[in-house]
Structure formats: structure tokens, C-alpha cells
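Chemist: Build me a model:
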Amino acid sequence: MRIYATADIHGRKKRITLIRNNIFKHKPDVLVIAGDISSCIRSARIIAQLNDMPVPVLAIRGNTDLAGMDRLMEEYPNISSLHLREVAVNGVCFTGVSGTIPLPFHSRIGFREQSVMKKLEPLVKRYSVLLAHPPPYRVLDEVIGRFHAGSRRLHELVLTRQPALLICGHIHERRGSAFVGKTLVVNCSMGRTGAGAIITFDPNREIKVEML
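Modeler: Model prediction:
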């Protein structure tokens, strides 16, 4: 399976156009968006544009997305919220959690880590693809090169459940990939210059990542 992973679109028209162009260029099987789809305005318009993409779209909301974003996504046939639910595409199971931690920076939404992770844990299996907006703590999460802004509970969950792949964003300047145990973590933030990542996913082979 070819996954086109993105995050931190922030409702920008140029980024949505770039995503569409990359879909036609790289021909992924699915588009996944790890939060910050909009910037609190015109959410319905952004979701409608994503719904028109030529591949299925799976997404979670981030700290700049309004609380009704998960519900809004379910009103469109080609886009699905992964918040605390499992969706299979071509035999690959995707699950996710919306929100982000509130520290060290204020954010509009913050998941209550202990209770939410308890609900998420049984959905995360060895060959799952997990979506979360923040990275795990101390993994691709440095802000200004110094401050760790990842989720401690997410890090614990990854170590416990060891999903094959974790896709995240949130920290714009730390795009890339790294391992937590057997789990490959991909921060696919579009940030200022990025365009996401193409991930070739086969649970029986090495996962390949091409940062765009």
C-alpha cells in the first residue's frame, strides 16, 4: 500500500493544491491527514475540497481544528475521521486520536491523555497504522531545537502496543522519521517547505518513507 501522509495544512489553498498534484503524481492508495486541517475558519469548505480528492481520505483533528470537525468529516462520503475508531483500507487497519497536548504551548484542544489513551489502546495492534497529531515525547518533537513538545502518554502507548507505523505532525520543524522500538514514526508536517511523505507500507516488509 502507498500512503500519502500529510499534516498541518492549516486551510491554505496552496497546500491543498499541492496535495492534489502529489496524488496525481505519486498515485497513493489513500491520503491521511494527521491534524491541523483548518485554522478555525471555513472548515466546511476545506473538508469539501478534501472530499473531492481522487483517493479515500482518513483524518484526525489537531489543535487548530474546531471541535465539530470529526462530526463534519462524517457528513462527506470520501473522508473519514479516525478518532477512536478503526477503518480498513485495502486490508490495512488505520486508527487514530484527535487533539494534542496543551503544553508547552497553549492549544485550543488538548486530549486528556490518560483517559483517551485508555480508550485508544485496544484499537492499536501490531500491524496498525496509528494517526496522532503530536509526536511521541522526545521523538521528532523538538521546538526551537530545544523544547520537547511531544506526548508522554503517546510514547508509552507506542512502546506498549508497538504499532507498525505512527503518523504525526504538529512540530513543523521536525519533519522526518525515527523508530520507537519496532514502531516507525513519521512526522509528515507540511510546515513551511514540506509536502508530506509517501509511505510504502507492507507489514511483512521494511516500511519505506520518501519525504516530499
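Chemist: In this protein, mark out all the helices, start to finish.
Modeler: 13-26, 43-51, 69-73, 113-120, 152-161 (DSSP state H).
Chemist: mean pLDDT for these: which is lowest?
Modeler: Ranked by mean pLDDT, those end with helix 113-120 at the bottom, a mean of 83.
Chemist: Just give me how far that one sits from the chain centre.
Modeler: Centre-to-centre, helix 113-120 and its host chain are 17 Å apart (CA atoms, centre = their mean, to the nearest Å).
Chemist: now stretch 83-90
Modeler: 13 Å.
Chemist: First-to-last residue distance for that stretch?
Modeler: End-to-end distance of stretch 83-90 (CA to CA, to the nearest Å): 19 Å.
Chemist: who's in contact with the residue most central in space within the chain?
Modeler: Closest residue to the average C-alpha location of the chain: residue 34 at 2.0 Å, with CA atoms, centre = their mean. If a contact means CB atoms under 8 Å, 6 or more residues apart in numbering, then residue 34 has 5-7, 59-60, 62, 96, 131-133, 167-170, 188 as its contacts. Placement of C-beta: from N, CA and C, glycine included.
Chemist: Recalculate using a threshold of 6 Å.
Modeler: 7, 131, 133, 167-169 (CB atoms under 6 Å, 6 or more residues apart in numbering).
Chemist: who are the neighbours of the lowest-mean-pLDDT helix or strand in the chain, in terms of helices and strands?
Modeler: Sorting the helices and strands of the chain by mean pLDDT, DSSP states H and E puts helix 113-120 at the bottom, at a mean of 83. Contacts defined by 3 or more CB pairs under 6 Å, 6 or more residues apart in numbering; DSSP states H and E place helix 113-120 against helix 152-161.
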